[in-house]
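Participant: coords below, sequence missing:
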């Protein structure tokens, strides 16, 4: 073994032949998918890769949202903005991955479906975690709005005076929107693959997925848009009457 090989050889604890493999635990990571001998159909690798990587991104996105919640309560709105941007980008990546599932033949997927047991997206740890962290970051945000002596409509009307708070409001809308788009795209993938009028792996009608797309974690942030439009119309009418 040369001196150069010794100098740059692995120094971290682990079994991998390189520090890259040891740090990322690639042996464990790449062993989490079924082997070709274990699969009922070759597309199980695609199916597992999409869902396992989605769980990783959901774990990271929820971690950032949870951390942002703590920063908001500490008054570090700029820091919270930065972390929420990461979370939103993570959700965007998760949505884009769904396109890979659309590459599966709906007939060949039936072979994959036979080995899923009662596995269902409703049991996704990452998806269920979003339902925990979203309300908490919303509460922290609205506490910050109250502390600034504002309501949501007032925040939007005076956004330039409260830039970090305004950016945070928009990122919460982005986060909410991305989750809704994920649900919507997921429903379309399911509909495209197994149909809209069937029962899923847990005995749940697929149509229920379509209803979830309407759910929002921050309704007042969406309702503020209507209030702002109405306020603008009233101001226009008042100006016209005075002219």
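Facilitator: That came through, no problem. Being a predicted model, the structure only gives us computed values, none of them experimental.
Participant: Check the secondary structure at residue 55 for me.
Facilitator: helix (DSSP: H, G, I helix; E, B strand; the rest coil).
Participant: what's near enough to touch it?
Facilitator: Taking Cβ atoms under 8 Å, 6 or more residues apart in numbering, we find residue 55 in contact with 124, 125, 126. For every residue, glycine as well, the C-beta is placed using N, CA and C.
Participant: now residue 41
Facilitator: 108, 111, 112.
Participant: now residue 228: how far from residue 159?
Facilitator: 11 Å (Cβ to Cβ, to the nearest Å).
Participant: swap in residue 63?
Facilitator: 28 Å.
Participant: now swap in residue 188 and tell me
Facilitator: Counting by Cβ to Cβ, the gap from residue 188 to residue 159 is 34 Å.
Participant: low-confidence ranges in the protein?
Facilitator: 1-6, 199-214 (pLDDT under 70).
Participant: Could I get the full set of strands for it?
Facilitator: Counting by DSSP state E, the chain has no strands at all.
Participant: and the spatially closest residue to residue 172 that is not a sequence neighbour, what does it touch?
Facilitator: Leaving aside its sequence neighbours, residue 172 sits nearest to residue 218 (Cβ to Cβ, 6 or more residues apart in numbering; 5.4 Å). If you count contacts by Cβ under 8 Å, 6+ apart, residue 218 has them with 134, 138, 141, 172, 173, 176.
Participant: Next, format those residues as a markdown table and append neighbour count.
Facilitator: As requested, the contacts of residue 218 are exported to a markdown table (neighbours: other Cβ atoms under 10 Å):
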| residue | neighbour count |
| --- | --- |
| 134 | 20 |
| 138 | 19 |
| 141 | 26 |
| 172 | 22 |
| 173 | 17 |
| 176 | 21 |
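Participant: If anything else comes up later, I'll come back, but that's it for now.
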